[in-house]
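In: My questions are about this predicted structure, shown below with the sequence.
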Amino acid sequence: MRTPYYTVDNLEPGQSIGFLVKHSGVLMTQVAGRRFESLPITFMQWLVLMHAGRQEHMSASELSAHLGYDMGALTRVVDGLVRRGLLRRERSRRDRRAVEIAVTAAGRRQAQLGKGAVVELLNHLLEPFTNQEVETLIALLQRLMTLLQSAADEAEAKPRATPRLRRKPTSGGKA
């Protein structure tokens, strides 16, 4: 068995995979957001269009889970895209009580426009790396995501522990 890499004594943000991946995502969102300022959609709107476009129809909860985005905030983004004719809401064919989100033709065009901006940004960021380094980084991140997905699935399958409630002592001293 391999010796654990991290200990309580050596875990520092600048060396933590969790911190580095999360902070890289935050920085990527900030930088991409600035790149989208000249486009008719925001970076977040582009993410919604891209993820919603991966399937013919998608529920808002599926979209929220894929993006890791709060349902309330996502609803505001989706509402704006629906008003602009880039997304539409439709009754689910599988469950008429449910509403699903679909990308319109105009939404697909906007997603492609935004994709060009993201391609340009990623290529700029990867300039200092060799193709082999980029391929290695992608392979390692894919492997990490697979492990994280397995851990998330395993955690979801386990029944949640019910928190123990402490009873407050009554004024009579009896519990």
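Out: Ah, there it is. Numbers count the residues shown, from 1 in each chain.
In: Would you confirm that I101 belongs to a strand?
Out: Yes - applying DSSP: H, G, I helix; E, B strand; the rest coil, one finds I101 inside a strand.
In: what about the chain, any weak spots by pLDDT?
Out: Residue ranges of the chain with pLDDT under 70: 161-175.
In: quick one: the helices in it?
Out: 17-35, 43-52, 60-67, 71-83, 105-126, 131-157 (DSSP state H).
In: Turn those helices into JSON lines, columns for mean neighbour count and distance to V99.
Out: (Glycine included, C-beta is placed from N, CA and C.) Below are those laid out as JSON lines (neighbours: other C-beta atoms under 10 Å; distance: least, C-beta to C-beta, whole Å):
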{"stretch": "helix 17-35", "mean neighbour count": "12", "distance to V99": "27"}
{"stretch": "helix 43-52", "mean neighbour count": "23", "distance to V99": "13"}
{"stretch": "helix 60-67", "mean neighbour count": "16", "distance to V99": "8"}
{"stretch": "helix 71-83", "mean neighbour count": "15", "distance to V99": "10"}
{"stretch": "helix 105-126", "mean neighbour count": "14", "distance to V99": "17"}
{"stretch": "helix 131-157", "mean neighbour count": "10", "distance to V99": "24"}
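In: Output these as CSV; include the columns distance to T3.
Out: Formatted as CSV, the helices of the chain follow (distance: least, C-beta to C-beta, whole Å):
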stretch, distance to T3
helix 17-35, 16
helix 43-52, 39
helix 60-67, 35
helix 71-83, 42
helix 105-126, 33
helix 131-157, 18
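In: for those, which one sits closest to L11?
Out: Nearest of those to L11, taken as C-beta to C-beta: helix 17-35 at 9.2 Å.
In: Residues contacting that closest one, please?
Out: 13-14, 42-44, 117-118, 120-121, 141, 144 (C-beta atoms under 8 Å, 6 or more residues apart in numbering).
In: One more pass at 6 Å, please.
Out: The contact list for helix 17-35 (C-beta atoms under 6 Å, 6 or more residues apart in numbering) reads 13, 43, 117, 121.
In: Of these, which is the nearest to S150?
Out: For those, the nearest to S150 is P13 (25.0 Å; C-beta to C-beta).
In: Give the closest residue to that closest one in space, chain neighbours not counted.
Out: F19 (4.3 Å; C-beta to C-beta, 6 or more residues apart in numbering).
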